[in-house]
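[1] mind looking at a prediction? Sequence and model below.
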There are 2 protein chains.
Amino acid sequence: MSKHEQEILSLVNLRGTITVVELAQTLDVSDQTIRRIVKPMEERGVVRKVHGALISTQEVMDPPFLARMNKNRAAKVAIANCVADLVQDGSSLAIDTGSTSGYVAQALRRRKNLTIVTNSAYIASTLSMVEGNRVFMAGTQLRNHDGAAFDRAAFDVIASLTVQHAILSASSVHPTRGFLAFDQCEIDIARAMIDISARTVMAVDATKFSASGSLPSLRMPELRANDVVVVDQSPGAAFSDLIDPKQLVVAAGQ
Amino acid sequence: MSKHEQEILSLVNLRGTITVVELAQTLDVSDQTIRRIVKPMEERGVVRKVHGALISTQEVMDPPFLARMNKNRAAKVAIANCVADLVQDGSSLAIDTGSTSGYVAQALRRRKNLTIVTNSAYIASTLSMVEGNRVFMAGTQLRNHDGAAFDRAAFDVIASLTVQHAILSASSVHPTRGFLAFDQCEIDIARAMIDISARTVMAVDATKFSASGSLPSLRMPELRANDVVVVDQSPGAAFSDLIDPKQLVVAAGQ
DNA sequence: ATTCAAAACAACATTTAGCAACATATTTTT
DNA sequence: AAAAATATGTTGCTAAATGTTGTTTTGAAT
């Protein structure tokens, strides 16, 4: 890594954003040189480049959580609205963490007098602002990238409640292995939420069905008879063994 | 995503709503440019647009809470930045709920490797997204209007930790009665945070000094010798008994 | 409905950034 | 020391972003 590359990186990360011209003046080289140095950096994903300036990929640009929320946003919104339609005013819910769940929380702001338990501080914060809701934050120590708790206290809070719906998401879905997640702790929380709920609502967008499982993934508990799966597009026939068509709800894309 | 788009997004999400003209002044560009940048954002559904202004789609906050956040906003931002300057990377903090504290959390995103305990889900969520931070959410059941917890669990979590700074706010300040709050539970949390901290940083904007206490208010614990009070304007001489000038930090209005 | 002011829009002019090709300087290799 | 590889600066051109002006639309108040 060149000397200039190092300086550019620390400057852009320090300031969050910096123009090409500013960098050229600071390092006392031409604009063109900055562009030449930056191009490979951008390709490596170390910095983000926009017309005229660089943007740090760290911290200042809103959290990676929001970045994930913007990925396949339209589908997630459609699914979230559909999930909110399945829920009546006054219901009790358990909601896990995850980008789709974030949108579900947004959509659920339309509902009144909900009782919610979640291990995500973001979702807890969002839904606690709605007049009439009762919100329980499960857990104390928050995980770094998404602000969710997976500690002992989280399980204790969840286990102390009973809810009608558990609203969960998965990182990918495999035709025979079922719903998958990355971390054991996520599966444990999902199981705890399933255990206290009468019905599970799985919210998964179409990209999750095609995700080739290059990363090692762990299996989530199997669906129960009255559980439902909300998707934005109907998955292929390969998944009909896993998900009974009766359980499938396809969100109407607006 | 352009640099301006990034800034617009964070501004509108922070404030809930912002006018086109305000944005143009803040980013130092013409109204027309703002409109041009915003149009595709709106089409992507990232923000909502009404005649004259933008509205956040990520309604993290309830209107009343938002209204309090926006009241005397400039002063609160100045105070928040000042508080963030008093804190070093790697520090440990307790932060209470309140509109000023919300801005302090925003400002603290600049700091690295903080350990934070708070009873506000909003603040916990905000700061847990910062890489390297350790965040503890104190409490389980969240109060409706601001998403903060005041239950037994909140006290237990706070009491189990020790921090360098307690960052607190007050609803008003009286020359002889001191710092005041509305609810006993807020005072109890403040005391718990003071008890585990080496130093208290009180953040209060100038309007708090003139608030005629028509509402019944309760007294917060008195300042300790090395505590500090961060304000945006120096309070009148009437307060010199309450706050030693040495303890007073006046935030530089930008 | 009528009126008015603010906001939005459209079209053009201007500025600024990006890029490619070449020239020059610097370092590395042989 | 000569040659090759690399890095940097320069120029001219293209593309993108922004500002300006004038016109149309919108929302609110009569």
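    Here it is on my side, so go on.
[2] counting neighbours, what do you get for the closest residue in space to A:Val50 that isn't next to it in sequence?
    Excluding the flanking residues, the one nearest A:Val50 by C-beta to C-beta, 6 or more residues apart in numbering or on different chains is B:Ser2, at 4.9 Å. For the C-beta atoms, the positions are set from N, CA and C on the backbone; glycine is no exception. Neighbourhood size, B:Ser2 [other C-beta atoms under 10 Å in any protein chain shown]: 15.
[3] next: the one 5 residues further on.
    By the measure other C-beta under 10 Å, the count of residues near B:Glu7 is 16.
[4] which of the helices or strands spans the nearest residue to A:Thr17 once chain neighbours are set aside?
    In this structure, A:Thr17 finds its nearest non-sequential neighbour in A:Ile55, 4.9 Å apart by C-beta to C-beta, 6+ apart. Using DSSP states H and E, A:Ile55 maps to strand A:53-56.
[5] that strand vs DNA strand D: in contact?
    No - if you take C-beta under 7 Å from any atom of the strand as the test, strand A:53-56 misses DNA strand D, and the best it gets is 9.4 Å.
[6] mean confidence score for that strand?
    Average pLDDT, strand A:53-56: 80.
[7] does anything pack onto it? Which helices or strands?
    Under the contact definition 3 or more C-beta pairs under 8 Å, 6 or more residues apart in numbering or on different chains; DSSP states H and E, strand A:53-56 sits against helix A:3-15, strand A:17-19, helix A:20-27, strand A:47-50, helix B:3-15.
[8] in it, what counts as buried?
    A:Ala53, A:Leu54, A:Ile55, A:Ser56 (16 or more other C-beta atoms under 10 Å in any protein chain shown).
[9] DNA strand C: which of these is nearest?
    A:Ala53 (6.8 Å; C-beta to the nearest atom of the strand).
[10] give me the number of neighbouring residues for the residue nearest to A:Arg109 when sequence neighbours are not counted.
    Closest residue to A:Arg109 apart from its sequence neighbours, by C-beta to C-beta, 6+ apart: A:Val130 at 5.4 Å. Applying other C-beta under 10 Å, we find 22 residues neighbouring A:Val130.
[11] ok, and A:Val130, which helix or strand is that part of?
    Using DSSP H and E, no helix or strand contains A:Val130.
[12] from DNA strand C, how far out is it?
    Distance, A:Val130 to DNA strand C, using C-beta to the nearest atom of the strand, to the nearest Å: 28 Å.
[13] and if you look at A:Ile187?
    On the measure of C-beta to the nearest atom of the strand, A:Ile187 and DNA strand C end up 44 Å apart.
[14] one more: A:Lys112?
    Counting by C-beta to the nearest atom of the strand - A:Lys112 and DNA strand C are separated by 31 Å.
[15] can you check A:Gly90 too?
    38 Å.
[16] likewise A:Ile123?
    A:Ile123 sits 32 Å away from DNA strand C, going by C-beta to the nearest atom of the strand.
[17] ok so that residue is a helix residue?
    Yes - read with DSSP: H, G, I helix; E, B strand; the rest coil, A:Ile123 is one of the residues of a helix.
[18] pLDDT score for it?
    93.
[19] excluding chain neighbours, what is closest to it?
    A:Ala105 (4.3 Å).
[20] for stretch A:176-186, buried residues please.
    A:Gly178, A:Phe179, A:Leu180, A:Ala181, A:Cys185, A:Glu186.
[21] just the ones of these in helices?
    Members of these lying in helices (criterion: DSSP state H): A:Cys185, A:Glu186.
[22] does A:Thr17 touch A:Ala53 like I think?
    Yes - between A:Thr17 and A:Ala53 a contact is recorded at 5.6 Å, counting by C-beta atoms under 8 Å.
[23] wait, does stretch A:163-179 contact chain B?
    No - in terms of C-beta under 8 Å from any C-beta of the partner chain, no part of stretch A:163-179 sits within range of chain B; the closest distance is 14.7 Å.
[24] pull stretch A:160-171 out as CSV, backbone CA atoms only.
    What follows is stretch A:160-171, C-alpha atoms only, in CSV (Å, rounded to 0.1, in the frame of the first residue of the first chain):
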residue,chain,number,x,y,z
SER,A,160,-41.3,-14.9,30.6
LEU,A,161,-43.8,-13.8,28.0
THR,A,162,-46.4,-15.5,25.7
VAL,A,163,-47.3,-14.0,22.3
GLN,A,164,-49.5,-14.8,19.4
HIS,A,165,-47.1,-14.3,16.5
ALA,A,166,-43.3,-14.8,16.2
ILE,A,167,-42.1,-12.7,13.3
LEU,A,168,-38.8,-14.1,12.1
SER,A,169,-36.4,-13.9,9.2
ALA,A,170,-33.7,-16.1,7.8
SER,A,171,-30.4,-15.3,6.0
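[25] next one: that stretch to chain centre, how far?
    Relative to its parent chain, stretch A:160-171 has a centroid offset of 15 Å by C-alpha atoms, centre = their mean, to the nearest Å.
[26] equivalent analysis for stretch A:5-20, please.
    On C-alpha atoms, centre = their mean, the centre of stretch A:5-20 falls 28 Å from that of its chain.
[27] ok, now stretch A:9-23?
    Counting by C-alpha atoms, centre = their mean, stretch A:9-23 comes out at 29 Å from the chain centroid.
[28] quick one: end-to-end distance for it.
    One end of stretch A:9-23 sits 11 Å from the other (C-alpha to C-alpha, to the nearest Å).
[29] near DNA strand D, anything from it?
    No - Stretch A:9-23 does not reach DNA strand D (C-beta under 7 Å from any atom of the strand); its nearest approach is 10.6 Å.
[30] and that stretch, average pLDDT?
    78.
[31] quick one: name the residues of the stretch 1-150 of chain A near DNA strand C.
    Within the stretch 1-150 of chain A, the positions near DNA strand C by C-beta under 7 Å from any atom of the strand are A:Thr19, A:Val20, A:Val21, A:Asp31, A:Gln32, A:Arg35, A:Lys39, A:Lys49, A:Val50, A:His51, A:Gly52, A:Ala53.
[32] nearest spatial neighbour of the first one, chain-adjacent residues omitted?
    Okay, so that is A:Thr19. Spatially, and ignoring its direct neighbours in sequence, A:Thr19 is nearest to A:Ala53 (4.5 Å; C-beta to C-beta, 6+ apart).
[33] give me the distance between the residue found closest to A:Asn81 once you drop the neighbours it is linked to in the chain and DNA strand C.
    Once flanking residues are discounted, A:Asn81 sits nearest to A:Ala107: 5.0 Å by C-beta to C-beta, 6+ apart. Here the criterion is C-beta to the nearest atom of the strand. By it, A:Ala107 lies 26 Å from DNA strand C.
[34] number of nearby residues for the residue of the stretch 51-200 of chain A found nearest DNA strand D?
    Going by C-beta to the nearest atom of the strand, DNA strand D is nearest to A:His51 of the stretch 51-200 of chain A, at 3.9 Å. When neighbours are counted by other C-beta under 10 Å, A:His51 registers 8.
[35] how much space separates it from B:Thr26?
    Computed with C-beta to C-beta, to the nearest Å, the distance linking A:His51 and B:Thr26 is 20 Å.
[36] likewise A:Asp89?
    Distance, A:Asp89 to B:Thr26, using C-beta to C-beta: 39 Å.
[37] higher neighbour count, the two?
    Of the pair A:Asp89 and B:Thr26, B:Thr26 is the one with more neighbours under other C-beta under 10 Å, namely 13 against 10.
[38] just checking, the more buried one touches B:Leu11?
    Yes - counting by C-beta under 8 Å, B:Leu11 is a contact partner of B:Thr26 at 6.8 Å.
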